[in-house]
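Got a sequence here, can you model it:
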Amino acid sequence: MLHAVLGGPRNIEYREAPIPIPEAGQVLVEVKRIGVCGSDIHVYHGRHKYAVFPLVQGHEGSGLVVQTGPDVTNVCIGDRVTLRPQLYCGECRLCREGRYNLCEDYKVIGVLGGTTGMASEYFLTDASKLHRLPDGLDYDAGAMIEPLAVAVHSIRLGQRYHDGNILILGAGPIGNLVGQAAKGMGARSVMITDINPFRLDIAKKCGIDHIVNTATEDLETAIVTHYGRDRADVILDCAATTGTMDQSVKSARRGTNIVTVGNFYDKVPVELGLTQRREINIIGAMNYVSEDYAEAISLLNAGKVKIGDLISAYFGLQDYPAAYQYIDENSNTVMKVLIKVRD
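This next block holds a predicted model:
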């Protein structure tokens, strides 16, 4: 089988390897789609803090079960599946509590060193990491479940989403999915901000209620206009830029929950005095757990989240470098790129 090996920054090599044979509890998946996300881009350019080369990328993906090892009961040959790309010890206190996304030994397959992702024709994984796709979801949708699970987990951490007013900073792929998921999970109204007109236009097409271009509009005015003095019940920072965290705090009413969804790679200035005086809760969101995957699948299957407008382009497995070049050259007008390994 062919797989794409990232030997170092911006250096993808294609290597042949034997097709693995599943052992007890393992499943062989014929890879169909792979999503390229922001973390992948940082790894590709050598900007990810925890990436170790060589590395086979691909943590957002879907495929077809073609072989199972002994003792596999949750999937069968012929099932279409999506991968939950998490590795954890399963024994520590947090793992025992079901919060394995916070395990000290936690790794995301295809992102962190010592792991092998789905950037290959076939992928061997533990059966426990697979979720079956309903008949109504195609392989494209299967590759979008991982980022949607990130969105679901973040919304749940914010707590006050049901019948609440939601404010989202950042209208990229994750911010868009957070907005759609919040509406699908019962939010009364969702406002999303960005300085990129293209991304805001996509958000509007996806049904987000209030679109605010903070390059030309005052956010404070928009919040008061649409939400009144009660403002937003939950704020989710999906942009993770130098100014958005401070903007979140200044936009928050007393007692608001702020969830950090985007990845902050640098220290950011925040007016902490406001968090004390207003009793603002800042909550970090780390990936997802299995229940978030189940909810993401349910939202997609029910038609409450639309992904068609989010997919910007497709590239083949052997065109991975071209995919990254396309993303770099069109960064202002790209939402999601999928690697189409097979039909």
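
The residue lying closest to I77 once chain neighbours are set aside: helix or strand, and which one exactly?
Among residues not flanking I77 along the chain, V65 sits closest, at 5.5 Å (Cβ to Cβ, 6 or more residues apart in numbering). To be clear about C-beta, it is placed using only N, CA and C from the backbone, and glycine gets the same treatment. Assigned by DSSP states H and E, V65 belongs to strand 60-68.

Enumerate the positions of the following helix or strand past that strand that are buried.
As assigned by DSSP H and E, the chain's next helix or strand after strand 60-68 is strand 80-83. For strand 80-83, a neighbour-count test (16 or more other Cβ atoms under 10 Å) marks R80, V81, T82, L83 as buried.

quick one: the longest helix seen in the chain to strand 60-68, angle?
As assigned by DSSP state H, the longest helix anywhere in the chain is helix 139-158. Using axes from the mean of the first three to the mean of the last three Cα atoms, to 10 degrees, the inter-axis angle of helix 139-158 relative to strand 60-68 is 120 degrees.

what's next to the helix or strand following helix 139-158, contact-wise?
Once the chain leaves helix 139-158, the next helix or strand it forms, by DSSP H and E, is strand 165-169. When contacts are defined by Cβ atoms under 8 Å, 6 or more residues apart in numbering, strand 165-169 is touched by residues 155, 158, 175, 178-179, 182, 187-194, 223, 226-227, 230-239, 244, 247-248, 251.

do stretch 39-48 as well
Residues from elsewhere that reach stretch 39-48, judged by Cβ under 8 Å, 6+ apart: 6, 8-10, 51, 55, 57-59, 108, 110-111, 263, 265, 324, 327.

now those residues: which count as buried?
Buried among the contacts of stretch 39-48 (16+ other Cβ under 10 Å): L6, A51, L55, Q57, G58, H59, V108, G110, V111, Y324, I327.

which non-adjacent residue is nearest the first one?
Across the structure, with Cβ to Cβ, 6+ apart as the measure, the residue nearest L6 apart from its sequence neighbours is L55 (4.8 Å).

try the second one
Here the nearest residue to A51 in space, its sequence neighbours aside, is V43; by Cβ to Cβ, 6+ apart that works out to 4.4 Å.

what helix or strand does the one you found sit in?
Counting by DSSP H and E, V43 is found in helix 38-44.

State the mean pLDDT of that helix.
When pLDDT is averaged over helix 38-44, the result is 94.

Figure out how far that helix is from the centre of its chain.
13 Å (Cα atoms, centre = their mean, to the nearest Å).

Same check on stretch 167-184?
11 Å.
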